[in-house]
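Peer 1: from the sequence below, what's the structure:
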Amino acid sequence: MGSGVSREQQWQQDTTNLPSFYSPRSRPVRDDEADTRASVVDRDALSLSGAAQPAGSTTTSTSSSNAVQPPPPSLLSPAFTPPATPGIATPSSEQPRGVPVDSSIPSGGCGTKRPRLLETLPAIQCIVRARIPTVTGTEMFLHLYKNNVDNKEHLAIVFGPHIRSKSLDAPREGETEMDRMVRGAYTGRLYPGRTKSGMISGGSDDTGETSAARSPPLVRIHSECYTGETAWSARCDCGEQLDEAARLMSLPSNASSGGIIVYLRQEGRGIGLGEKLKAYNLQDLGSDTVEANLLLRHPADARSYGLATAMLLDLGQREIRLLTNNPEKIRAVEGPNREIRVTERVAMVPLGWKGKGGFTSREVEGYLKTKIEKMGHMLDMATIPR
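Peer 2: Residues are numbered from 1 along each chain as shown. Here you go, the predicted structure:
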């Protein structure tokens, strides 16, 4: 090059001062490594898990100078690529640990705030249920709900075949056995040629199983976050939290009790995606997440959890273990008359704080700090990476 600066030197200069949450730009490929790099990219470029090559791989070179290098990180994603899918992030032997809580007493571990509750729970109905296999072998059942308070389709992601929806299983006038199977009101597994749903006339399953002897399921109340779950945003840890909740509910130790992720379509803490993007611009101008919402004339947190309570009751749950750092969510999900009782709070600790993957960024550190200082979330400030 006429300037005396090689392509690789220029690449190093361009990427030296990038913020930590940016993926580095792709390093230029040297002429002497073009052939070997091509074979690696063909096989590995589409991998989502970042798993190491299996033992016995023969793609290594005998010459250290011509050693095969892994493909550079994607320009479109930060350090993690959601969805991670259950079972990938951390070892499956890890057990979720929680602390007992009791919202009926001031010292019950549920904070001092009293969230505003609906006087009556919404009317909800599960419309359809379908089995969702994942790439790691875990299976879940996706339940779609409609309600009488908004026009949104809220979801329950259920781990464990014993957790069933009363409104889905209830017989409906004029329907056939095929109708029941198509909307997911069946027992066991579907297979080609099956003609019976396996449901008895009363609407309950025919397995004879009872939930009385099981421990309360692990439950996560998760609000939709398009930017964090789909657009790889490093402004929040919502995508990581969703993946981690699914991983914990997929652990073998959790198989008997099961798990439920109630996925509520209340983007941006209830203000919607458009207003949330405006709040992002205000954050770039110096506001924190709470201040940005208030400047847009929205509450700091406009979410409601009455739908979650109604959905959990429909799924037959009266006692749950709640996966959350937000003490207000404990009282809110229990309902106006404590229709549901939260017996245990399981902390949602960011993976980066535990040294088990995850990601860090300037934005997400400020986001978590605001949650702790202004919203009362129960996280140890001393563990925030510096």
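Peer 1: secondary structure element for the closest residue to Ile260 other than its chain neighbours, which one?
Peer 2: Leaving aside its sequence neighbours, Ile260 sits nearest to Val219 (C-beta to C-beta, 6 or more residues apart in numbering; 4.9 Å). Every residue, glycine included, has its C-beta placed from N, CA and C. For Val219, the element it lies in under DSSP states H and E is strand 218-223.
Peer 1: name the strands paired with that strand and say parallel or antiparallel.
Peer 2: Strand 218-223 pairs in its sheet with strand 259-264 (parallel), strand 319-323 (parallel), by DSSP bridges.
Peer 1: dump those strands to a markdown table, plus mean neighbour count, mean pLDDT and distance to Gln241.
Peer 2: Output for these, formatted as a markdown table (neighbours: other C-beta atoms under 10 Å; pLDDT from 0 to 100; distance: least, C-beta to C-beta, whole Å):
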| stretch | mean neighbour count | mean pLDDT | distance to Gln241 |
| --- | --- | --- | --- |
| strand 259-264 | 24 | 96 | 10 |
| strand 319-323 | 22 | 95 | 9 |
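Peer 1: list the buried ones in the strand holding Val219?
Peer 2: Buried residues in strand 218-223, defined by neighbour count with 16 or more other C-beta atoms under 10 Å: 218-223.
Peer 1: what about dumping the CA coordinates of that strand to PDB?
Peer 2: The C-alpha trace of strand 218-223 is given here as PDB (Å, rounded to 0.1, in the frame of the first residue of the first chain):
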ATOM      1  CA  LEU A 218     -40.900 -21.900  38.800                       C
ATOM      2  CA  VAL A 219     -42.600 -19.000  37.200                       C
ATOM      3  CA  ARG A 220     -41.200 -16.000  35.300                       C
ATOM      4  CA  ILE A 221     -43.500 -13.000  34.500                       C
ATOM      5  CA  HIS A 222     -41.700 -11.600  31.400                       C
ATOM      6  CA  SER A 223     -42.800  -8.400  29.500                       C
END
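Peer 1: who's in contact with the helix or strand following it?
Peer 2: Next along the chain after strand 218-223, taking DSSP H and E as the criterion, comes helix 226-229. By C-beta atoms under 8 Å, 6 or more residues apart in numbering, the residues outside helix 226-229 that reach it are 82-83, 233, 235-240, 242, 267, 273, 276, 280.
Peer 1: show the buried residues in the residues you listed.
Peer 2: Applying 16+ other C-beta under 10 Å to the contacts of helix 226-229 flags 82-83, 233, 235-240, 242, 267, 276, 280 as buried.
Peer 1: mind checking which of those residues land in strands?
Peer 2: Counting by DSSP state E, these place none of their members in strands.
Peer 1: closest one to Val182 out of those residues, please.
Peer 2: Checking those against Val182 with C-beta to C-beta, the nearest one is Pro83 at 26.8 Å.
Peer 1: if we can go back for a sec, identify the farthest-apart pair in the buried ones among the contacts of helix 226-229.
Peer 2: Of all pairs in those, the most separated under C-beta to C-beta is Pro83 and Tyr280 at 21.9 Å.
Peer 1: circling back to that earlier point, and the residue nearest to Ile260, what are its bridge partners?
Peer 2: Going by DSSP bridges, Val219 forms beta bridges with Ile260, Leu322.
Peer 1: so that it lines up with my notes, have the first residue be 2 from now on.
Peer 2: All set: I'll call the first residue 2, so the last point we hit is now Val220.
Peer 1: pretty sure it contacts Leu324?
Peer 2: Yes: the pair Val220 / Leu324 is scored as a contact, 6.6 Å apart, by C-beta atoms under 8 Å.
Peer 1: okay if I get the buried residues of strand 219-224 as TSV plus distance to Val150 and pLDDT?
Peer 2: Formatted as TSV, these follow (distance: C-beta to C-beta, whole Å; pLDDT from 0 to 100):
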residue	distance to Val150	pLDDT
Leu219	26	95
Val220	21	96
Arg221	21	95
Ile222	16	94
His223	19	93
Ser224	15	92
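Peer 1: nearest to Pro172, of those residues?
Peer 2: Val220 (27.8 Å).
Peer 1: can you give me every residue that contacts the closest one?
Peer 2: Neighbours of Val220 in contact, by C-beta under 8 Å, 6+ apart: 260-263, 313, 318, 321-324, 334.
Peer 1: one more time with 7 Å, if that's ok
Peer 2: 260-261, 263, 313, 321-324 (C-beta atoms under 7 Å, 6 or more residues apart in numbering).
Peer 1: and the strands paired with strand 219-224 as CSV, adding distance to Gly229?
Peer 2: Shown next, in CSV, are those (distance: least, C-beta to C-beta, whole Å):
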stretch, distance to Gly229
strand 260-265, 13
strand 320-324, 17
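Peer 1: distance of Tyr187 from His163?
Peer 2: 14 Å (C-beta to C-beta, to the nearest Å).
Peer 1: can you check Ile331 too?
Peer 2: According to C-beta to C-beta, Ile331 stands 25 Å off from His163.
Peer 1: out of the two, which sits in the more crowded spot?
Peer 2: Neighbours were counted for Ile331 and for His163 using other C-beta atoms under 10 Å; Ile331 has more, 25 against 17.
Peer 1: quick one: mean pLDDT over the helix or strand containing that one.
Peer 2: Using DSSP H and E, Ile331 sits within helix 328-335. On average, the pLDDT along helix 328-335 is 87.
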